[in-house]
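Peer 1: No letters, just coordinates:
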């Protein structure tokens, strides 16, 4: 079977890349990190204009009705640009989750504003910090075998330290109640939990690919421009081997990430295995890309003044997000009955 994305999917991703190139440059990101802002308004407004916040919602609710496969290229672009906005948490996780719980149109008012992007949402699990919680109005919280919809203003947020300063992490204190509860059926909550985790892993894997690809491109450019003894350092065989190994790891991981998204979109019986494999390979690829970029750039790559550090930090945090390499190996072994 030959698999390829259609023209519409590719064009949408190219449009997102063009926008992020203009509005989410390294200077924009560094300015965001050094500011007191919790969001990049120009970037979010552009996403709203393209319909990205509600891309997974049904057309009947004002969304684009994009599948997990449709959105996977957009996730790659988020990684490639190191975009700080929590688009994955909002568009890929929160919107589908609340849509599935909207029986009898009970939460249509909330869905309307988060699909449009005028208000934002994120998903939180009991044992995890909330990403970008200071910029959202709603939190979908998996807690003690239940799912709650919580207004952010009713919670107490505590900022946590992160390797990647562009990603704001928070611990949350809140009081569960009957008014916040939206699902308590154990089987249904388990199903929603599993589906949300798989979506998060697939989208994170795609971001890993985007980061790794960007790091490889910048490193290739650097070793072509940097000269020692009158020759580019890239002519050295040891450098070429490192770059080739990194490129090979990226191209080996990318098809599995795409397969995981395809399986999610089509309810394939091997979805768990494919998604875990994609996360394993993409984490390995981005870690290798970070290592290669550091070694080939030398000391300058360790400085905060050099923009490469943005992608190095993002790559390492994404690699361990939603389960690191060792966790994915355990999950794969379980899928195979080992």
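Peer 2: Arrived safely, thanks for sending. Here the structure is a predicted model, which is why all the values come from computation and not from measurement.
Peer 1: domain parsing for the protein?
Peer 2: 7-184, 187-335 (automatic domain parsing).
Peer 1: quick one: average pLDDT of the first one?
Peer 2: When pLDDT is averaged along domain 7-184, the result is 95.
Peer 1: Identify each buried residue in the longest helix anywhere in the chain, please.
Peer 2: Taking residue count as the measure and DSSP state H as the definition, the longest helix of the chain comes out as helix 186-225. The neighbour-count criterion (16 or more other CB atoms under 10 Å) identifies 189, 192, 195-216, 218-220, 222-223 as the buried residues of helix 186-225. (Each C-beta comes from the backbone N, C-alpha and C, glycine too.)
Peer 1: same thing with stretch 264-272?
Peer 2: Judged by neighbour count (16+ other CB under 10 Å), stretch 264-272 contains these buried residues: 264-265, 271-272.
Peer 1: Farthest pair within the residues you listed?
Peer 2: For the buried residues of stretch 264-272, the farthest-apart pair by CB to CB is 265 and 272; their separation is 14.4 Å.
Peer 1: Run through who's touching stretch 45-53.
Peer 2: The contact list for stretch 45-53, computed with CB atoms under 8 Å, 6 or more residues apart in numbering, reads 12, 15-16, 19, 23, 63-64, 74, 85, 87, 90-91, 95, 114-118, 120.
Peer 1: redo that, cut-off 10 Å
Peer 2: Stretch 45-53 is contacted by residues 12, 15-16, 18-20, 22-24, 40, 44, 54-55, 57, 62-64, 66, 71, 74, 78, 83, 85, 87, 90-91, 94-95, 113-121 when judged by CB atoms under 10 Å, 6 or more residues apart in numbering.
Peer 1: Give me the buried entries from those residues.
Peer 2: Under a neighbour-count criterion of 16+ other CB under 10 Å, the subset of the contacts of stretch 45-53 counted as buried comprises 12, 16, 19-20, 23-24, 40, 44, 54-55, 57, 63-64, 66, 71, 74, 78, 83, 85, 87, 90-91, 94-95, 114-115, 117, 119-121.
Peer 1: Next step: these restricted to helices.
Peer 2: Filtering the buried ones among the contacts of stretch 45-53 for membership in helices, criterion DSSP H, returns 12, 16, 19-20, 23, 44, 71, 74, 78, 87, 95, 114-115.
Peer 1: tell me which of the residues you listed is nearest to residue 231?
Peer 2: Looking across those and measuring by CB to CB, the closest to residue 231 is residue 20, at 34.9 Å.
Peer 1: Roughly how far does that closest one sit from residue 116?
Peer 2: Here the distance between residue 20 and residue 116 works out to 21 Å (CB to CB, to the nearest Å).
Peer 1: How about residue 170?
Peer 2: Going from residue 170 to residue 116 by CB to CB gives 24 Å.
Peer 1: again with residue 107
Peer 2: When distance is defined by CB to CB, residue 107 is 14 Å away from residue 116.
Peer 1: Equivalent analysis for residue 190, please.
Peer 2: Residue 190 sits 31 Å away from residue 116, taking CB to CB as the criterion.
Peer 1: gap between the two ends of stretch 46-63?
Peer 2: Stretch 46-63 has an end-to-end distance of 16 Å (CA to CA, to the nearest Å).
Peer 1: Could you pull out the buried residues of it?
Peer 2: By neighbour count with 16+ other CB under 10 Å, stretch 46-63 contains the buried residues 46-47, 50-57, 61, 63.
Peer 1: Farthest pair within the residues you listed?
Peer 2: Of all pairs drawn from these, the widest gap by CB to CB lies between 46 and 61 and measures 21.6 Å.
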